[in-house]
Structures are given as structure tokens and as C-alpha cells.
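> coords below, sequence missing:
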């Protein structure tokens, strides 16, 4: 009798385990038990994060071409696609952005272009609620984005609002090399410091190019090994207007 009871108990346990396995399989193969709204919001989240990363990469490229600025004030050299800031004019120092300034300019770039990521999605958002905070660190850029997005499905909705991305980047190294040259240039504002450029390029493992734009305007390009996924190498560009007539 005890043997039959033991067998019955075993059969019951096996049956429970079998039913549990079936339930787990159904759970897994039906989208991990997620509702249609959750699946929809997950897709939106993945798309926005990927687009957020691409926007940051574009921002690093664009802000680098504009000498650390998203919007370049005068004096500047104008190009159809971007503007190059003049750091010195006729022997006088005009400006050079701090690393914090570049972070702010990069954040502005992201804030004004991140809506392109969701324009074709069926979501709700308010441009005034967008806030990007980017930090330039060694070998990477860390980005936090506050962007409330309402995702709706079959009468229900949820809000996605915080996004975080880290992008590999040597922007800090390029910035540091340019900063070092600017300090060297201040010592002799109307002399092109060739030796300083060569030394800085070797020490920072960057390629430094210069060319005369017009008259006494010289453009400087600090080029790294990193390559943008769609464009060319990441570059930090600025210009100096020398007063060579008075040298």
C-alpha cells in the first residue's frame, strides 16, 4: 500500500514538473509574457538608444569640425557645410572653448537633433522637455538624455524618459592637443609654431595638418585615427589670422 502511495506521489510530482515546463515554454516563446504595449515600448527604446548613439557620433564629428562649437560666432571662416572659428586675429587672442564649453556645445547639438530619431514613430513628446547632458572623458563620451516619450498601444500607454549611452571617442585627446598648441601660440601670436606642432603631434599620436585659407588665415586640423561610421576621420579644426605683414 505504501509502495502504491509512493508511486502515486512520484507521478503527481512528475506531472507538476511536466506542466511547469509547458507553462515556461509558453511563457518564453510568447515573448516572455510581455504585453503588446511592453513589446512596443521595448522596440521604441531600442530604436531611440541606437539613434541617440548615432546622433552623438555625428555631434562629435560636427563640433570637432567647428573647433568645439555647435554654433560659431564671428570672427570665423565660413564654409557651406560648417564654420571654422578664429582663435587668434592679427596677433590678438580671441577665444578658445574650455572642455566644459565643448560638452555644453555637444549637448546642444544632441538636443536640437534628437527629435529626428522619433519623427517617424507613432509616439508623443514635447521638445521643451528634452535635456541632454554629455561628459567628455578619457577615450569615451558619456551621455544622459532626459526625453519623455509616450508610447501608446490599444488604449494603454507608458512613458520612456531616461536614456544612457557611452560612445568610444578620443575627443578629449584631440582637445588636449589643440589646447596645448593654443597656449604655445599665445607666446608668439604672429608666428606659426611649426616645431610645437610637430612635437604635440608626436606626443599625442595625432596627424596635424595646416593650410592657408585666404591671405593670412591658416586652418589647423588635428586628425585622429578614429573614423566616423559614415564620414572620414574625426578631426578638430580651428583657424588663426596672422599679422605677418608686421612680423
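It's in. The shown structure was predicted, so the numbers you read here are calculated from the model rather than taken from an experiment.
> after the least confident helix or strand in the chain by mean pLDDT, next one along is what?
None of the helices or strands of the chain scores lower by mean pLDDT, DSSP states H and E than helix 2-29, at a mean of 40. Going down the chain from helix 2-29, the next helix or strand is helix 36-65, by DSSP states H and E.
> buried residues in that next one?
Neighbour counts over helix 36-65 (16 or more other CB atoms under 10 Å) mark 37-38, 40-41, 44, 48-49, 51-52, 54-65 as buried. For glycine as for every other residue, the C-beta is placed from the backbone atoms N, C-alpha and C.
> now stretch 93-102
94, 95, 96, 97, 102.
> over to stretch 148-157?
For stretch 148-157, the neighbour count (16+ other CB under 10 Å) marks 149, 151 as buried.
> what about it, how long is it end to end?
12 Å (CA to CA, to the nearest Å).
> now the residue most central in space within the chain: closest residue in space that isn't a chain neighbour?
Residue closest to the mean C-alpha point of the chain, counted by CA atoms, centre = their mean, is residue 56 at 2.2 Å. Among residues not flanking residue 56 along the chain, residue 167 sits closest, at 4.9 Å (CB to CB, 6 or more residues apart in numbering).
> so who does the one you found touch?
Taking CB atoms under 8 Å, 6 or more residues apart in numbering as the criterion, residue 167 is in contact with 53, 56, 57, 60, 140, 141, 143.
> which of the residues you listed lies closest to residue 230?
When the contacts of residue 167 are compared for distance to residue 230 (CB to CB), residue 57 wins out at 8.6 Å.
> where does the protein dip in pLDDT?
Residues of the chain that meet the criterion pLDDT under 70 lie in 1-35, 37, 246-247.
> what ranges do the helices span in it?
Using DSSP state H, the helices of the chain run over 2-29, 36-65, 99-113, 171-187, 194-204.
> in TSV, list the ones you listed along with distance to residue 127.
Shown next, in TSV, are those (distance: least, CB to CB, whole Å):
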stretch	distance to residue 127
helix 2-29	40
helix 36-65	15
helix 99-113	9
helix 171-187	26
helix 194-204	39
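> thanks a lot, catch you later.
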